[in-house]
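1. Below are the sequence and a predicted model for it; my questions follow.
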Amino acid sequence: RFGDTIDRSKLMGRKDKKVSSEDSDDSEAGPPLPPPNDGDDKDDEEAGPMPPKPNKKRKVLEFQSLYLDNLPCATMYEKSFMHVGEVNHVRVTKTDFFITASLDGQLKFWKKKPKEVEFVKRFYAHVGPVTDLAVSGDGLWLCTVGSKDKSLNIFDVVNFDMINMIKLAETPSCCDWVHAQGTNRLIVAVGSSDAPAIRLYDGRAASKGPAAPLREVTIHRSPVTNLRYHPQLHAVWSHSSDGLLELWDPETGGLPAGAGFRYKSDTDLYELARHKTTARSLDISPDGDLLACVCADKQVRVWKCHTGKLYKKIDEGPAASAAAQTGDGPLKLDSLDFGRRTAVEKDLDAVKPGAEPDRARPNAVFDQSGRLLIYAVMAGIKVVNLVENRVVRIIGKPESNERFLGLALYQGNPVKGVVAAAEAEADPILLATSYTKNRFFIFSRREPDQSDADGTGRDVFNERPPKDL
């Protein structure tokens, strides 16, 4: 119409151009997504390797050096004192007294003085061996039992005087105080080797014949061999000859209210019976958290008191002793010394549990922190860090002629007065009995005085030698 010709190809081109512009809009939205990663691309290499898994944090006992500073550290015993008969029990009290007993029925009181020990008094307590003895938690009272004369004796520790003698109808095997501190009662629990019953007696009761018990607790099926009072729970741990451990309330005879379990099947208290062994001793940590047993199968077992769960198990058997002789460990002995000590160990193991109940028995003691456990082995006396599972000190290793058994740890301060006590140097003492010996041994932080030519000045002859010598 206007004289211009319309080129159709140009119109078609414009239409194609419009379509291509729409495609360009799609391209501006971004490139298509990359294909899935196979795991071998360079992007992974540029990201670097995966971070390592965090290592399990190792447990560390805080203030270990401070705890060790309040323990004996001398490698040899400083002094030893005599009994006429074989010494089978040693105890310490919070009132700074040491108490020792022997197979001839004698009981001796010793007073802790700064850097020395002073003899106080001797008692012919029993006709026959002192089977067991126990000190009250406040350190004021002592009870002893004798299996031959079937008697229970009560002593006032501070005034070192015997206040009562109670005749028993049963043959006693063990004893312990089971009254709460601060009360006016004196209650003693006595186990019997004749029957599984545990009888509780009033320590102040007087009777001409066999005394009548306050109550009787029958929780075991076999005779009871060990008793230990737990002050935090106001409960008693007991062990019988069939390897069963029980926890019971001295007021009711049932499970204490503070126990962290309801049924015994929820605990590991069948551990000894399952392995067909027995406990030679029961010891509770000062904070009431742990219970330690030195067992007849050469294992040291530690339980959690509130839950009854097994916390530690330490092998001290012949295989462990032989393994300690490889390398340059702290327990390694020369071949001659190792052979001699092994022979003594075999003699000790030849005595069946319960065959000689009045002889000295091995035990374990806790320090004030409750995290260091001390017990005697063939090579000496071990101090074990229970938190880190390692031996932190060996005491008495050079004493090749002694096989230490029973222990008692004193960490008090005999210096009186606030200022004087604060300025006084710590003087911890470890008492120890030895196999078939009529002496008890004192370890401190001081090495023995070797001024004498024969080196026997540390062995005090405070008794007359036997007539047969």
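-> All right, it came through fine. Numbering: from 1, shown residues only.
2. quick one: what helix or strand has the residue positioned nearest the centre of the chain in it?
-> By Cα atoms, centre = their mean, the chain has its centre lying nearest to residue 292, at 3.9 Å. Assigned by DSSP states H and E, residue 292 belongs to strand 290-294.
3. Provide the strand pairings for that strand, with the direction of each partner.
-> Applying DSSP bridges, strand 290-294 is found paired with strand 283-284 (antiparallel), strand 299-304 (antiparallel).
4. Now render these as JSON lines, adding distance to residue 98, mean pLDDT and mean neighbour count.
-> C-beta here means a position set from N, CA and C on the backbone, and glycine is covered the same way. What follows is the strands paired with strand 290-294, written out as JSON lines (distance: least, Cβ to Cβ, whole Å; pLDDT from 0 to 100; neighbours: other Cβ atoms under 10 Å):
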{"stretch": "strand 283-284", "distance to residue 98": "18", "mean pLDDT": "98", "mean neighbour count": "20"}
{"stretch": "strand 299-304", "distance to residue 98": "25", "mean pLDDT": "98", "mean neighbour count": "20"}
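5. Of those, which is nearest residue 415?
-> strand 283-284 (27.4 Å; Cβ to Cβ).
6. and the helix or strand harbouring residue 409 with strand 290-294, angle?
-> If you go by DSSP H and E, residue 409 is part of strand 404-410. Following axes from the mean of the first three to the mean of the last three Cα atoms, to 10 degrees, one obtains 150 degrees for the angle between strand 404-410 and strand 290-294.
7. and strand 404-410, what other elements does it pack with?
-> Helices and strands touching strand 404-410, by 3 or more Cβ pairs under 8 Å, 6 or more residues apart in numbering; DSSP states H and E, are strand 87-92, strand 364-366, strand 372-377, strand 380-385, strand 429-434.
8. got the contact list for it?
-> Identification of contacts with strand 404-410 by Cβ atoms under 8 Å, 6 or more residues apart in numbering yields 71, 88-92, 96, 98, 112, 360-367, 374-376, 380-381, 396, 428-435, 441.
9. For residue 388, see how far away residue 364 is.
-> Distance, residue 364 to residue 388, using Cβ to Cβ, to the nearest Å: 17 Å.
10. Give me the more crowded residue out of those two.
-> residue 364 (22 against 14; other Cβ atoms under 10 Å).
11. which ones are touching the closest residue to that one other than its chain neighbours?
-> For residue 364, ignoring the flanking residues on the chain, the nearest one in space by Cβ to Cβ, 6 or more residues apart in numbering is residue 375 at 3.9 Å. Residues in contact with residue 375 (Cβ under 8 Å, 6+ apart) are 292, 294, 300, 362, 363, 364, 365, 381, 382, 384, 407.
12. Of these, which is the nearest to residue 242?
-> Checking the contacts of residue 375 against residue 242 by Cβ to Cβ gives residue 294 as the nearest, at 17.8 Å.
13. any idea of the pLDDT on that closest one?
-> pLDDT recorded at residue 294 is 97.
14. Mind checking the pLDDT average for stretch 382-389?
-> If you average the pLDDT over stretch 382-389, you get 96.
15. Regarding that stretch, how distant is the last residue from the first?
-> 12 Å (Cα to Cα, to the nearest Å).
16. who touches it?
-> The list of residues contacting stretch 382-389 from outside it, by Cβ under 8 Å, 6+ apart, reads 58-61, 64, 68, 71, 290, 302, 311-312, 314, 371-376, 390-395.
17. If any of those are buried, put those into a ChimeraX selection.
-> Entered in ChimeraX, the line below selects the buried ones among the contacts of stretch 382-389, by 16 or more other Cβ atoms under 10 Å:
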select :61,64,68,71,290,302,311,314,371,372,373,374,375,376,391,392,393,394,395
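18. Pull the contacting residues for the spatially closest residue to residue 306 that is not a sequence neighbour.
-> Leaving out its chain neighbours, the residue that sits closest to residue 306 by Cβ to Cβ, 6+ apart is residue 260, at 4.0 Å. Applying Cβ under 8 Å, 6+ apart, we find residue 260 in contact with 306, 307, 308.
19. And residue 329, how far from residue 315?
-> For residue 329 relative to residue 315 (Cβ to Cβ), the value is 15 Å.
20. and what of residue 413?
-> Distance of residue 413 to residue 315, given as Cβ to Cβ: 36 Å.
21. Settle it for me: which of those two has more neighbours?
-> residue 413 (17 against 13).
22. wait, that one sits on residue 428?
-> No - the criterion here is Cβ atoms under 8 Å, and residue 413 misses it with residue 428 at 9.8 Å.
23. Only the buried residues of stretch 275-283, if you could.
-> 277, 278, 279, 280, 281, 282, 283.
24. Show me what it is in contact with.
-> 225-228, 237, 239, 241-243, 245, 272, 291-297, 299, 301, 353-354, 361-366.
25. Identify the residues contacting the strand holding residue 292?
-> By Cβ under 8 Å, 6+ apart, the list of residues contacting strand 290-294 reads 228, 237, 239, 272, 279-285, 300-305, 311, 361-364, 366, 370, 373, 375, 386.
26. Would you enumerate the residues in contact with residue 298?
-> Neighbours of residue 298 in contact, by Cβ under 8 Å, 6+ apart: 315, 316, 317, 318, 320.
27. before we move on, the earlier item: any idea what the residue nearest to residue 364 is bridged to?
-> Going by DSSP bridges, residue 375 is paired in beta bridges with residue 364, residue 382.
28. so where is the stretch 251-400 of the chain shaky, pLDDT-wise?
-> Residues of the stretch 251-400 of the chain that meet the criterion pLDDT under 70 lie in 353-355.
29. tell me the helices in it, going along the chain?
-> Applying DSSP state H, counting those that start in this stretch to the stretch 251-400 of the chain gives helices spanning 271-274, 318-323, 335-350.
30. Quick one: the ones you listed as TSV, columns for distance to residue 211 and mean neighbour count too.
-> Converted to TSV, the helices of the stretch 251-400 of the chain look like this (distance: least, Cβ to Cβ, whole Å; neighbours: other Cβ atoms under 10 Å):
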stretch	distance to residue 211	mean neighbour count
helix 271-274	32	17
helix 318-323	45	14
helix 335-350	36	13
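31. Let's have those in a markdown table, adding distance to residue 175.
-> A markdown table is the format used below for these (distance: least, Cβ to Cβ, whole Å):
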| stretch | distance to residue 175 |
| --- | --- |
| helix 271-274 | 21 |
| helix 318-323 | 33 |
| helix 335-350 | 25 |
